[in-house]
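[1] Provided below are the primary sequence and the corresponding predicted coordinates.
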Amino acid sequence: MQLRRLGRTGRELSPIGLGCMQFSNTGAAGRFYRATAQDTATAIVRAALDGGVTWFDTAEMYGGGHSERALTTALREHGVKPGEVAIATKWQPVGRTARSIPATIGDRLAALQDFPIDLHQIHMPHGSLSSIPAQVKAMARLQTDGKVGAVGVSNFSAAQMRRAAAVLEGEGLALASNQIQLNLLHRNAETDGVLAAARDLGVTLIAFSPLRSGLLTGKFHDDPERLKQVLPIRRWIGGFGPRAIERTRPLIDELTAIGRAHGASPSQIALAWLLAYYGDTVVAIPGASRPEQAAELAAAAELRLTDAETAALDARSRAATAS
């Protein structure tokens with residue numbers, strides 16, 4: 001699997017990582033997925049590793065450390081040693097000041113069972129009682145002190161990205177990443193300045209929800225009754241519903257047809273498009289609730305679409321999102 005550099009750091013990552021929000025089990029994030037048993041999480045991580053995945057994204061907010069512990073428990077059960085894979089986690093800013101960034105780093109390392117934090121991210125730009133510059137400076141000190149490998153942000157606008165990058169530059173550091181929603185049905189980064197800012201600054205965009213909460217898998221188009229099995233909050237955020245199914249059907253049909261030509265699933269083609277269309281600026285972190293899903297999604301990094309296939313999906317995507 002050809003690796004991609006994380007921002008301007010020397011760290012290289014597989015184009016597809018594993019998002020670990022599905023390991024939350026409790027708290028607000030736990031409402032998005034049904035609980036995942038540890039043996040299932042362990043099997044999912046094994047499948048991802050076997051598929052060439054070299055990094056994992058988790059967060060403090062994902063079950064208050066439950067996701068972090070489930071991930072690193074799985075890694076240890078497979079004999080993976082600290083430092084052999086990359087781990088990205090996130091500080092939860094809501095209702096906190098920047099002082100909690102250094103105050104909670106010990107909790108993060110404890111939840112990660114002493115696996116190092118290769119990328120520490122500010123989970124969102126709002127909710128903190130401190131300014132963005134104050135938060136970024138606190139993150140910078142962690143990197144300078146060797147407690148984290150790099151600093152990233154999540155859900156930041158173009159202006160907020162540039163502000164964070166400027167603060168880090170003043171500390172002799174560089175902003176590594178911005179984690180945003182990016183997929184065939186959500187391409188706001190192209191028009192809101194985030195993609196342009198990322199390319200200008202040399203920042204990696206980490207695409208969360210690269211399959212639009214499962215809508216791009218095609219399984220709901222094949223059997224709309226399956227929508228009833230999706231937890232309400234995911235249905236709402238993913239924009240699931242009969243009208244969405246019909247509006248996106250031509251795109252799913254295109255994904256399916258191209259998939260047949262490659263012996264691949266619509267999910268794999270959607271991920272392959274994301275990696276091809278945006279190039280080295282983007283890496284993706286699909287989640288997986290079963291090991292076979294993790295294996296399938298990891299394999300998408302090896303697919304190579306033709307220019308015509310990439311263009312056809314671009315056109316179908318724009319038509320599906322035009323309204």
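    Done, it's in. Computed from a predicted structure; not experimentally measured.

[2] Am I right that Thr97 is in contact with Leu129?
    Yes - the criterion here is C-beta atoms under 8 Å, and Thr97 meets it with Leu129 at 4.7 Å. Just so you know, the C-beta spots here come from the backbone N, C-alpha and C atoms, and that holds for glycine as well.

[3] pLDDT weak spots in the chain?
    Along the chain, the parts satisfying pLDDT under 70 run over 225, 231-239, 323.

[4] ranges for the strands of it?
    4-5, 12-13, 18-19, 55-57, 86-91, 119-122, 151-154, 175-181, 204-208, 282-284 (DSSP state E).

[5] From the contact counts, what lies against the second one?
    Looking back up the chat, that one is strand 12-13. Strand 12-13 sits against strand 4-5, with contacts defined as 3 or more C-beta pairs under 8 Å, 6 or more residues apart in numbering; DSSP states H and E.

[6] Which strands or helices does the strand it packs on pack on?
    Using 3+ C-beta pairs under 8 Å, 6+ apart as the contact test, the elements touching strand 4-5 are strand 12-13.

[7] So in that sheet, which strands flank the strand it packs on, and in what orientation?
    Strand pairing for strand 12-13, using DSSP bridges, gives strand 4-5 (antiparallel).

[8] how far out from the middle of the chain is stretch 100-117?
    20 Å (C-alpha atoms, centre = their mean, to the nearest Å).

[9] Could you dump the strands of the chain into a markdown table and include distance to Gln268 and mean neighbour count?
    Formatted as a markdown table, the strands of the chain follow (distance: least, C-beta to C-beta, whole Å; neighbours: other C-beta atoms under 10 Å):
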| stretch | distance to Gln268 | mean neighbour count |
| --- | --- | --- |
| strand 4-5 | 18 | 17 |
| strand 12-13 | 19 | 18 |
| strand 18-19 | 15 | 27 |
| strand 55-57 | 19 | 26 |
| strand 86-91 | 23 | 26 |
| strand 119-122 | 25 | 26 |
| strand 151-154 | 25 | 26 |
| strand 175-181 | 19 | 26 |
| strand 204-208 | 15 | 25 |
| strand 282-284 | 12 | 25 |
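
[10] Show me which residues of the longest helix anywhere in the chain are buried.
    Using DSSP state H to define each element, the chain has its longest helix at helix 242-262. For helix 242-262, the neighbour count (16 or more other C-beta atoms under 10 Å) marks 244, 247-248, 251-252, 254-256, 258-259, 262 as buried.

[11] Likewise for stretch 123-141?
    For stretch 123-141, a neighbour-count test (16+ other C-beta under 10 Å) marks 123-125, 128, 130, 132, 134-141 as buried.

[12] now stretch 42-52
    For stretch 42-52, the neighbour count (16+ other C-beta under 10 Å) marks 42-49, 51-52 as buried.

[13] Next: stretch 301-313.
    Within stretch 301-313, the residues that count as buried by 16+ other C-beta under 10 Å are 301, 303, 305, 309, 312-313.

[14] From the residues you listed, pick the one nearest Arg187.
    Top of the list for closeness to Arg187, among the buried residues of stretch 301-313 and by C-beta to C-beta, is Leu313 at 11.6 Å.

[15] In this structure that closest one contacts Leu184, no?
    Yes - Leu313 sits in contact with Leu184 when judged by C-beta under 8 Å, with a separation of 6.6 Å.

[16] ok, which pair from the buried residues of stretch 123-141 is furthest apart?
    So, these by C-beta to C-beta: farthest apart are Met124 and Arg141, at 20.4 Å.

[17] Near Ala322, how many other residues are there?
    Neighbour count for Ala322, taken as other C-beta atoms under 10 Å: 7.

[18] Run through the residues that contact it.
    If a contact means C-beta atoms under 8 Å, 6 or more residues apart in numbering, then Ala322 has no contacts.

[19] Go again with 10 Å.
    Contacts of Ala322 were listed using C-beta atoms under 10 Å, 6 or more residues apart in numbering, and they are Arg247.

[20] Next one: it from Thr248, what distance?
    Remark: distance between Ala322 and Thr248 (C-beta to C-beta, to the nearest Å) = 12 Å.

[21] again with Val53
    To Thr248, Val53 is 27 Å away according to C-beta to C-beta.

[22] and if you look at Met61?
    According to C-beta to C-beta, Met61 stands 29 Å off from Thr248.

[23] Val151 touches Thr89, doesn't it?
    No - between Val151 and Thr89 there is no contact under C-beta atoms under 10 Å: 11.9 Å.
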